[in-house]
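Trainee: generate a structure from the sequence data that follows.
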Amino acid sequence: MSTSPAEAPLNAPHPWNKGRLVGQKRPLDAKHVWSIRIRLELADDRRGLALFNLAIDSKLRACDLVALKVNDVFVGRQVRQRTTVVQRKTGRPVQFEITDVTRTALEGWLQHPSMSSTEYLFPSRVRSALHLSTRQYARIVDTWIASVGLDLSAYGTHSMRRTKAAQIYRKTGNLRAVQLLLGHAKLESTVRYLGIEVDDALKIAESIEL
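Mentor: Just a heads-up that it's a prediction; the model follows:
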């Protein structure tokens, strides 16, 4: 016998997504990237600046970003121009570039006293952990998003991964390049990840006036 909504128990659990914006997290716009970057520079937040810039450049998932080691991006005291990381989720290697602005931030972070004898690029401030956790990273991302007045429910750690990939697609339309940079095995995964079909359909609709 089914129970009508009026007869449902008062302590029945609410749907987890009630009142929440669900779905893929939005990529940041270029103006948001620069606004966050400037705020981190003004605050002299070396770790935050290096983490933010590398998150944008690398397009890595949170679990791979926080587990980066110093020798993944440095050769001696020099920052690599490119590096390769094996993705934890897929076991597939992915290569990414390290731009000038990110190299400068990484060099500044390596000079920080807390980096004197660490194996990991972003060591945890929690004694029991070797490196920054994905949960800690998510909280840091939330502070970045809030600092530029964006809706926390619409952005998250995947926004960092998607930002540069979305810009590359918008400027070049080269899906294959984005697929390689994200480390996707199938092109269909890249299409779904970027939400290309929806974006393209909306652009076409916006260009037509009746």
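Trainee: so residue 55 lies in a strand, does it not?
Mentor: No - Residue 55 sits outside any strand when classified using DSSP: H, G, I helix; E, B strand; the rest coil, being helix.
Trainee: next up, phi/psi of the spatially closest residue to it that is not a sequence neighbour, please.
Mentor: Spatial nearest neighbour of residue 55, chain neighbours left out: residue 160 (3.9 Å); criterion: CB to CB, 6 or more residues apart in numbering. C-beta coordinates here come from the backbone N, C-alpha and C atoms, glycine included. The phi and psi values for residue 160, taken as degrees, to the nearest 10, are phi -60, psi -40.
Trainee: ok, the one 5 residues further on next?
Mentor: The phi and psi torsions at residue 165 (degrees, to the nearest 10) take the values phi -60, psi -40.
Trainee: doesn't residue 28 make contact with it?
Mentor: No - with contacts counted by CB atoms under 8 Å, residue 165 stays clear of residue 28, the gap being 11.4 Å.
Trainee: the two: who's more crowded?
Mentor: residue 28 (24 against 21; other CB atoms under 10 Å).
Trainee: secondary structure element for that one?
Mentor: For residue 28, there is no enclosing helix or strand under DSSP states H and E.
Trainee: OK, contacts around it?
Mentor: 36, 56, 155, 159-160, 163 (CB atoms under 8 Å, 6 or more residues apart in numbering).
Trainee: and the residue lying closest to residue 162 once chain neighbours are set aside, how many residues sit next to it?
Mentor: Spatial nearest neighbour of residue 162, chain neighbours left out: residue 27 (4.1 Å); criterion: CB to CB, 6+ apart. Neighbourhood size, residue 27 [other CB under 10 Å]: 23.
Trainee: then residue 84?
Mentor: What residue 84 shows, counting by other CB under 10 Å, is a neighbour count of 10.
Trainee: what's the answer for residue 193, then?
Mentor: Using other CB under 10 Å: residue 193 sits among 18 other residues.
Trainee: helix, strand or coil for it?
Mentor: The local conformation at residue 193, judged by three-state DSSP, is helix.
Trainee: surely it touches residue 182?
Mentor: Yes - the criterion here is CB under 8 Å, and residue 193 meets it with residue 182 at 6.8 Å.
Trainee: what is in contact with those two at once?
Mentor: Common neighbours of residue 193 and residue 182 (CB under 8 Å, 6+ apart) are residue 165.
Trainee: what's the span of stretch 119-131, first residue to last?
Mentor: End-to-end span of stretch 119-131 (CA to CA, to the nearest Å): 9 Å.
Trainee: give the contact list for residue 180.
Mentor: Going by CB under 8 Å, 6+ apart, residue 180 touches 94-95.
Trainee: tell me where the chain has helices.
Mentor: Secondary structure of the chain (DSSP state H): helices at 30-42, 46-58, 62-66, 70-73, 100-110, 134-147, 157-172, 175-182, 187-194, 196-206.
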